[in-house]
Every structure is written in C-alpha cells, then in structure tokens.
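> Can you look at this prediction? I've put the sequence above it.
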Amino acid sequence: MPIPFLSRPPRVAVIRLAGVIAASRRGASLSDAALAPVIERAFRKGKPSAVALAINSPGGAPVQTALIAGRIRRLAAEKSIPVHAFVEDVAASGGYWLATAADHIWLDESSVVGSIGVISASFGFSDLLTRHGVERRVHTAGKSKSFLDPFQPEKPEDVARLKALQEPIHQSFIAQVKTRRAGRLADEDLFTGDVWVGRQAVEKGLADGIAHLVPKLKELYGEKVRMAHYGQRRGLLRRFTAEVIGDALAGVEDRALWARYGL
C-alpha cells in the first residue's frame, strides 16, 4: 500500500520582495519588521526544498537591506536550504544587496542590476527663502546640529562629512558582494555605482544566468515542483491610508528611485 507523503513532489517557497526598502511601512515598502514573519514562515513551513526570492527593487535604506538579507542567510544556514534570487525589472543598490542573499542569482535579458554604491539626495531652498524675504533662524547646542540644513547654503565641510559617513556603508556593501559572489566576479572594478543589463551582468559575475522563476525551478526541482508564495499583506484600512492619504513627499522620493532605472 503506497504511503502518500513519501511521494510528495518538492516544494519551493517563493518570497516576493518588491518595492523601495525603507524603515517605515508606507505603501509597498520593504522593511525587516514587516518581512520578518513572511521570511520566517517561508523557511519553516512545509520543509521546502529551496527558497526563491522574486526581487524587483531599486534599493533604499542600507540598514533595513542588511537586516533583511541577514535574516535570509541565517535561516538558510540554519535549515540548510538553498536560496535562488530571480530579478524582475531591477535589483539595484539595496535591491542587489538583497539578491546577494541568494546562492544563485537569475535575471531576465532586460533586468537591471548593480549600482553598488551609496547615494544621498536632498533639496536646497536658501535662494527661495531669500527671494521671498524669509529669514531662517536656527539655534543649536553643538556645531554640527544643523548639518546639511536644506534652508542654508551648502557648506564644503558638510559635504566632506557626508562623504565620510557614506564611505563605511559603501565598504560594507562591497564586502557583502565580494563574500557572497566569491570566485564569480570579473577581475575589474564593479563598485563604482554603475549598472548592467541582463547578460552584461552575468558576464561580470554579478549573476549566474538568464532564467525565469517557474521554468528554472521546474528544471532544478522537477516538473511537479510545488510553489508556495509568500508576501506582505496589507489590510483594507492600511491600503486606504497608503493610497488615499499617503505621504506625498515619500511617494515622490520612491518614484525618483525607480526613475533612475527608466521605470
């Protein structure tokens, strides 16, 4: 008499990581707090043969990125489960950091990946205030408390300090890529913030090949492989709040990140 559970096909947990990476839970952003239960369920439920990451992200907050990627790696090591990343439109900056949490990275011919660098962007309004006769008054205890004040002219010493803050973050990013892609990277400088498309990225060693999620998983785990999908859920009130009330400035910032890659 056959024992049904012995003949069950392999099961792969698919985690969707789509959106800008940010500490807040605005809109469809990715944060470690929001993704923690999703990632935990994916690795622990049903003894999966593998975990697949469906990634579409232009990046965002570096600490949240490191926390999410670190959680994936800890669970993969604890459960001895291989991880595959499948990049859709883009996995750039923090999005590519997330991809390096996988053992193998797969792209579409037109996927944009890379941007291994650190960026900080803001606005300057000092001339606007002057034209409208508005006087800015700032009083601080500590000479650096008004660091990069957008309502004051930019100071060279502030820019130098910002670059000094960015450098260790950039070095952490480089270390992550070199560790996770060890032995596969091309012998050239890939850490300038540049991006590559599809096969270019494969040739640079930033990815392992061109493949889509479903056919590749069937190739690796058999035609009868079962896929269980996991992603963030938003209740009706939260969706209403994000879509109707929303933070307009945050939305502009998010769209600007996507626009850097033509999306």
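Structure's in. What do you need? Here the structure is a predicted model, which means the values were calculated and not measured. Numbering: from 1, shown residues only.

> wait, isn't residue 52 in contact with residue 15?
Yes: Residue 52 lies in contact with residue 15 (CB atoms under 8 Å); the separation is 7.2 Å. C-betas here are computed from N, CA, C, even on glycine.

> Just want to know which of those two has more residues nearby.
residue 52 (27 against 24; other CB atoms under 10 Å).

> what about that one, which SS state?
Classification of residue 52 by DSSP: H, G, I helix; E, B strand; the rest coil places it in strand.

> Quick one: the helices in the stretch 151-263 of the chain, in order.
156-180, 199-203, 213-221, 236-240, 248-259 (DSSP state H, counting those that start in this stretch).

> tally of neighbours for residue 225?
17.

> Against residue 8, how distant is it?
With distances defined as CB to CB, to the nearest Å, the gap from residue 225 to residue 8 amounts to 11 Å.

> cool, residue 194 as well?
Residue 194 sits at a distance of 45 Å from residue 8 (criterion: CB to CB).

> got it, and residue 63?
For residue 63 relative to residue 8 (CB to CB), the value is 39 Å.

> what about residue 12, is that helix, strand or coil?
Per three-state DSSP, residue 12 ends up strand.

> from memory it sits against residue 49, does it?
Yes: in terms of CB under 8 Å, residue 12 counts as a neighbour of residue 49; the distance is 6.0 Å.

> Tell me the residues that contact both of those two, please.
Jointly contacting residue 12 and residue 49 under the rule CB atoms under 8 Å, 6 or more residues apart in numbering are 221, 225.

> How about the backbone phi and psi for residue 32?
phi -60, psi -40 (degrees, to the nearest 10).

> which ones are touching it?
Counting by CB under 8 Å, 6+ apart, the residues that residue 32 touches are 64, 67-68, 71.

> Okay, buried residues for stretch 176-193 please.
176-177, 180-181, 190-191 (16 or more other CB atoms under 10 Å).

> brain fart, stretch 21-41
Going by 16+ other CB under 10 Å, stretch 21-41 has these buried residues: 21-22, 26-27, 29-32, 34-35, 38-39.

> now swap in stretch 195-213 and tell me
Here stretch 195-213 shows 195-198, 201-202, 204-208, 210-211, 213 as buried, counting by 16+ other CB under 10 Å.

> cool, stretch 64-82 as well?
64-69, 71-73, 75-76, 81-82.

> got a list of contacts for it?
Taking CB under 8 Å, 6+ apart as the rule, stretch 64-82 contacts 17, 21-23, 30-32, 35-36, 39-40, 43-44, 48-51, 53, 59, 83, 94, 97-98, 100-104, 172, 176.

> same check, this time on stretch 172-180
So stretch 172-180 is contacted by 62, 66, 69, 96-97, 100-101, 116-118, 185, 190-191, 206 (CB under 8 Å, 6+ apart).

> any chance you could map the strands in the protein?
Along the chain, counting by DSSP state E, strands occupy 11-18, 50-57, 83-92, 104-107, 112-114, 195-197, 209-210, 226-230.

> Report the rounded mean pLDDT for the third one.
When you say that, I think you mean strand 83-92. Mean pLDDT, strand 83-92: 96.
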